[in-house]
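[1] for reference, the sequence and a predicted model appear below.
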Amino acid sequence: MRQESWSQGLNPQALAAARDVARVLGKAGHRAWFVGGCVRDLALGQPAKDLDLVSAATPDEVQQLFRRTVAVGKAFGVMRVLMGDFEFEVATFRSEGDYSDGRHPKEVRLVSSAETDATRRDFTCNALYLDPLDGTRLDPANGLRDLEAKILRTVGDAGHRFREDSLRLLRMARFEAGLDLTPVEGLHEAARAAATGLQRVSSERVLDELTKIAGGPDPARALAVLLECDLWQYALPALIGGDDPLRLGTLKELARGAGEDVSLVLAAFLDPGSADPVPLLDSLPLSRELRRRLLGIWQTRLRIEELARAGSEDQADLARALRGAKGAGGLALAQASCRAKGEDPCGLDRLASWAADATMEVEPLLSGDDLKQLGVERGPRIGTLLKELEAAQLRGVVGTVAEARAFVQRVL
């Protein structure tokens with residue numbers, strides 16, 4: 001990372017606000033540093049996302065220095081500072097005692113130096129510090145050297161770090177895959193020995209980490225690491241007994257496409273195959289929208305596979321299965337799964353070619369009120385007739401209002 005260009009991966013407005021925070025802390029005698037992932041990403045020449053700051057200022061001092069603060073984790077030395085239109089996590093240098101629950105330390109000690117603070121962090125590539133005012137860097141754990149050598153290494157003993165917070169096992173897989181790093185000798189062995197600790201990690205944290213993996217550049221590689229280290233079975237017990245080699249192959253095939261969205265990759269990650277997906281969905285803390293999206297992709301995939309096997313040419317059936325984001329996701333997952341099984345994808349490829357040029361949405365020619373005027377009684381029959389009329393339009397049987405009226409009169 002060149003010293004004169006370190007800030008090129010930052011939002012200029014966010015950087016200006018972060019510098020304002022650093023200046024306030026500096027005037028109070030506390031030099032502030034960017035820390036963790038944002039410094040790592042800048043070192044790699046990538047855009048930095050979360051701009052976290054750390055200094056020797058205690059949470060009470062932070063509250064006194066800034067007009068707008070939120071005590072998000074005051075007991076652990078963490079405050080949130082609102083500066084202009086931006087929010088920054090501002091932490092105090094700290095060291096930590098043993099962890100009692102696989103997530104929270106029994107004791108937090110506020111300290112005065114980055115060097116001591118670095119000893120509690122997970123991986124050397126995240127124990128990096130950068131002064132937002134002058135670009136000075138601190139690298140107490142030699143993380144920059146490891147990044148240059150493309151090595152993933154924990155700060156201190158790997159087994160100890162994984163036992164402290166078992167989520168670090170999933171983060172290991174994410175960093176290996178997302179940053180294209182090679183694990184240092186013994187890292188995977190330590191992970192395998194600590195694998196059962198994942199049972200203590202909440203499903204919310206697991207899902208959040210898997211979502212980050214799904215949005216990364218190589219989710220298939222991350223899954224391969226999880227499987228190799230026996231982590232997958234403890235991360236998502238609801239998927240035990242599934243076809244993991246097929247899951248891995250499907251992810252690899254999906255990676256060959258462009259612009260796959262996170263929900264589609266998650267659908268491949270969590271794919272229950274032919275099993276009922278509802279128990280799996282019920283076991284995960286999904287938003288209503290993500291649950292709807294995943295279920296839609298899985299159900300549509302099964303319908304598309306059914307149409308492909310039957311060699312269907314019914315334009316209404318095809319349009320209804322293939323249209324919209326749900327159809328695109330279901331088709332992509334079906335194609336990837338088919339290739340991962342080593343099966344002939346020609347039936348699915350035929351549907352993809354048809355979908356590329358077909359009309360899959362039509363404007364209704366008649367409304368429910370129109371049907372009532374034609375003598376259709378109120379109730380579910382109106383909805384059924386509207387669907388039949390849409391199918392007739394998709395098949396090219398009906399194309400005008402007069403033809404639509406005649407169609408309804410014929411079926412009454």
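    Nice, thanks for sending it over.
[2] what residues are up against Ala56?
    His30, Arg31, Thr92, Phe93, Val111, Ser112, Ser113 (CB atoms under 8 Å, 6 or more residues apart in numbering). The way it works is simple: take the backbone N, C-alpha and C, and place the C-beta from them, glycine included.
[3] so what's the residue count around the second one?
    Around Arg31 sit 17 other residues, with neighbours defined as other CB atoms under 10 Å.
[4] partner residues bridging the closest residue to it other than its chain neighbours?
    Setting aside the residues directly before and after it, Arg31 is nearest to Ser55 in space (CB to CB, 6 or more residues apart in numbering), at 6.4 Å. With DSSP bridges applied, Ser55 shows beta-bridge pairing to Thr92.
[5] Val72: what secondary structure?
    Three-state call for Val72 (DSSP: H, G, I helix; E, B strand; the rest coil): strand.
[6] chain neighbours aside, what residue packs nearest to it?
    Arg80 (4.9 Å).
[7] and for Val411, the neighbour number?
    When neighbours are counted by other CB under 10 Å, Val411 comes out with 11.
[8] show me the contacts for it.
    Shown in contact with Val411 (CB under 8 Å, 6+ apart): Leu385, Glu388.
[9] please apply the same query to Ser5.
    By CB under 8 Å, 6+ apart, Ser5 lies in contact with nothing.
[10] likewise Asp230?
    Arg192, Ala195 are the contacts of Asp230 under CB under 8 Å, 6+ apart.
[11] which element is it on?
    Following DSSP states H and E, there is no helix or strand that holds Asp230.
[12] just to revisit the earlier point, what's the burial count for the residue nearest to Val72?
    17.
[13] show me what contacts Leu294?
    Contacts of Leu294 by CB under 8 Å, 6+ apart are Ser263, Leu266, Ala267, Leu270, Pro277, Leu281, Leu286.
[14] from these, which is closest to Val35?
    Leu266 (29.2 Å; CB to CB).
[15] ok, the closest one to Gln299 distance?
    From Leu266 across to Gln299, the span is 15 Å (CB to CB, to the nearest Å).
[16] sorry, back to before: show me the contacts of Ala56 that map onto strands.
    Thr92 (DSSP state E).
[17] strands of this structure, start to end?
    For the chain, applying DSSP E gives strands covering 33-35, 53-55, 69-73, 78-83, 86-92, 94-96, 108-110, 129-130, 137-138, 151-152, 182-183.
[18] mean pLDDT and distance to Gly215 added to these, as JSON lines?
    Below are the strands of the chain laid out as JSON lines (pLDDT from 0 to 100; distance: least, CB to CB, whole Å):
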{"stretch": "strand 33-35", "mean pLDDT": "97", "distance to Gly215": "22"}
{"stretch": "strand 53-55", "mean pLDDT": "97", "distance to Gly215": "25"}
{"stretch": "strand 69-73", "mean pLDDT": "93", "distance to Gly215": "24"}
{"stretch": "strand 78-83", "mean pLDDT": "97", "distance to Gly215": "24"}
{"stretch": "strand 86-92", "mean pLDDT": "96", "distance to Gly215": "21"}
{"stretch": "strand 94-96", "mean pLDDT": "86", "distance to Gly215": "29"}
{"stretch": "strand 108-110", "mean pLDDT": "84", "distance to Gly215": "31"}
{"stretch": "strand 129-130", "mean pLDDT": "96", "distance to Gly215": "24"}
{"stretch": "strand 137-138", "mean pLDDT": "96", "distance to Gly215": "28"}
{"stretch": "strand 151-152", "mean pLDDT": "98", "distance to Gly215": "19"}
{"stretch": "strand 182-183", "mean pLDDT": "98", "distance to Gly215": "22"}
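[19] closest one to Arg320 among those?
    Minimum separation from Arg320 across the strands of the chain (CB to CB) falls at strand 86-92, 44.1 Å.
[20] which strands or helices does the closest one pack on?
    Counting contacts by 3 or more CB pairs under 8 Å, 6 or more residues apart in numbering; DSSP states H and E, strand 86-92 packs against helix 12-27, strand 53-55, helix 59-65, strand 78-83.
[21] deepest of these, which one?
    Across those, averaging neighbours per residue (mean count of other CB atoms under 10 Å) puts strand 53-55 on top, at a mean of 24.
[22] what packs against that strand?
    Contact analysis of strand 53-55 by 3+ CB pairs under 8 Å, 6+ apart lists helix 12-27, strand 33-35, strand 86-92 as its packing neighbours.
[23] could you give the angle of the longest one to strand 86-92?
    What that stands for is helix 12-27. 30 degrees (axes from the mean of the first three to the mean of the last three CA atoms, to 10 degrees).
[24] show the average pLDDT along helix 12-27.
    Averaged over helix 12-27, pLDDT sits at 97.
[25] for the residue nearest to Val72, name its beta-bridge partners.
    With DSSP bridges applied, Arg80 shows beta-bridge pairing to Val70, Glu89.
[26] so it touches Val90, yeah?
    Yes: look at Arg80 against Val90 with CB atoms under 8 Å: they come within range, at 7.1 Å.
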